[in-house]
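Engineer: I'd like to go over a predicted model; first the sequence, then the structure.
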Amino acid sequence: MTQILSRAEEAVGRVSLWRGKDVKISSLSGGLTNENYLVEAGGERYVMRIPGTSTELLSIDRVNEVHNARATASTGIGPAVLEHVTELNVMVLEFIEGPTMSAQTLQSERMARRMAESFQRLHAAPRFLKDFDMFRLIETYLRIVEEHEVRIPADYRERLPLLAEIERALQVGALPSVSCHNDLLCENFIDDGRWLRIVDYELSGNNDPCFDLGNTAQEASLDDGLRAVLCEAYFGRLDRQQLARMNLFALMSDVGWTLWGAIQAKISTLDFDFNDYYTTRWNRALDLMQSDRFEGWLREARREGP
C-alpha cells in the first residue's frame, strides 16, 4: 500500500490545480484497470485517475480516453476533465456527488428508463476520436494472447466460426455508429439525483449504440422484460430486431471480456481474481450459445423489413 500511495503522492505533486494547498489522498475502490483516488484540496473534492500497469496490452489508448472524456463532459453525462498531466497520463476529474450503482439498484423499469436517457445523451456527444469494434478487438486480444503466452479457455478458438456468424447477423440491422462507452459496468453509473452520470472512458469509441445497451443489460443482469423496457425507452418503441441485436452484443461482451480478463490475470497487479472473472464470463457465454434463445436472437437479427 505504501508503494501505491507513493505513486499517487508523486502524481499529486504534478497537478497544478491544487499546488500550494493542503492535500488529502484516499483510495477509491471499484477500478479493475486503473488506480482511482479521492483527492481533497482547498475545500474541494476531486477524482484522480492513474493508469494501471501494462494497460497498453488491453488496447487502451490514453489519448483517445482523454479526448472522449472531454467530449462526454460537454453533454453533462460524463464528469468534467479538470486537468490532464500528459507525461503521466494522469487525469483529474470532477467528483460526482451521489451513490454508485450496482446490478441490484439498476434492476427496475424506472432505472432502465433512466439508463436509456443517459445513453441518449452520451450517444449524442461529439464524435469520439477512434472507433470500437468488439470483433476486431477480439482479434487483437488473440494476438496478444499468443505473443505473451496468456492462458485462455481451451475451447475458445473452436467458437470463432460461430462468432463470425454472429457478426454477419448483426450487420443486417446495423445502426450508424455513435459515441459509445463500450464497457459499462454498473459501477460506472453514478446517480447525481437528476441523471445517471457515466464515468470511465478508457475503452470508449464510436460504435453501434446497441453494443452499449446490450453490454449494460449483461452487466446489470437485466431479465428479458427489463431488456425490452431498455430497448423501448431508447428507441421510442419496442424494436424486436434491435432487441435481438442488443442481446447478441450482450453475449459478445462476455466473449470479448473473457480475453480481457485472461490478459489481466497475466499482467495485473491488482488484488482481484481475474481467473474467476474470465472463467465465469466464458461459461455464461457458452451456455447462451448452446441455448434456443441464442438461435432466436440470430433469426430476429437477420430479419429484414418490418
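Structural biologist: Good, I have the coordinates. Given the structure is predicted, the values throughout are model-derived calculations rather than measurements.
Engineer: could you list every residue that touches the most centrally placed residue in the chain?
Structural biologist: Centroid-nearest residue in the chain: residue 183, 1.1 Å away (criterion: Cα atoms, centre = their mean). Residues counted as contacts of residue 183 (Cβ atoms under 8 Å, 6 or more residues apart in numbering) are 200, 202-204, 215. Where you see a C-beta, it was placed from the backbone N, CA and C, and this is true even at glycine.
Engineer: ok, which pair from the residues you listed is furthest apart?
Structural biologist: Taking Cβ to Cβ as the measure, the contacts of residue 183 span a maximum distance of 14.3 Å, between 202 and 215.
Engineer: And the strands in the stretch 151-300 of the chain?
Structural biologist: In the stretch 151-300 of the chain, the strands defined using DSSP state E, counting those that start in this stretch lie at 178-180, 189-191, 196-198, 205-207.
Engineer: Count the neighbours of the closest residue to residue 50 other than its chain neighbours for me.
Structural biologist: Closest residue to residue 50 apart from its sequence neighbours, by Cβ to Cβ, 6 or more residues apart in numbering: residue 35 at 4.3 Å. For residue 35, the count of nearby residues is 21 (other Cβ atoms under 10 Å).
Engineer: go on, residue 141?
Structural biologist: 23.
Engineer: residue contacts, the residue nearest to it when sequence neighbours are not counted?
Structural biologist: Using Cβ to Cβ, 6+ apart and skipping residues adjacent in sequence, the residue nearest residue 141 is residue 259, 3.9 Å away. By Cβ under 8 Å, 6+ apart, the residues touching residue 259 are 138, 141-142, 145, 152, 156, 278.
Engineer: rewinding a little: would you reformat the strands of the stretch 151-300 of the chain as TSV and include distance to residue 9, mean pLDDT and mean neighbour count?
Structural biologist: Putting the strands of the stretch 151-300 of the chain into TSV (distance: least, Cβ to Cβ, whole Å; pLDDT from 0 to 100; neighbours: other Cβ atoms under 10 Å) gives the following:
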stretch	distance to residue 9	mean pLDDT	mean neighbour count
strand 178-180	34	98	23
strand 189-191	26	97	21
strand 196-198	28	98	23
strand 205-207	33	97	22
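Engineer: Ok, which of those strands comes nearest residue 116?
Structural biologist: strand 196-198 (9.7 Å).
Engineer: returning to that earlier point: most neighbours among the contacts of residue 183, which one?
Structural biologist: Busiest of the contacts of residue 183 [other Cβ under 10 Å] is residue 204, holding 30 neighbours.
Engineer: okay, and the helix or strand of this structure with the least pLDDT?
Structural biologist: Using mean pLDDT, DSSP states H and E, helix 2-12 stands out as the lowest-scoring helix or strand of the chain, at a mean of 68.
Engineer: re earlier: in CSV: the strands of the stretch 151-300 of the chain, plus distance to residue 7.
Structural biologist: Compiled in CSV, these are given as follows (distance: least, Cβ to Cβ, whole Å):
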stretch, distance to residue 7
strand 178-180, 31
strand 189-191, 25
strand 196-198, 27
strand 205-207, 28
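Engineer: Out of those, which gets nearest to residue 98?
Structural biologist: Nearest of the strands of the stretch 151-300 of the chain to residue 98, taken as Cβ to Cβ: strand 189-191 at 4.7 Å.
Engineer: What lies in contact with that closest one?
Structural biologist: 96, 98-101, 106, 115, 118, 196-199.
Engineer: same thing but at 7 Å, please
Structural biologist: Residues outside strand 189-191 that contact it (Cβ atoms under 7 Å, 6 or more residues apart in numbering): 96, 98-101, 196-199.
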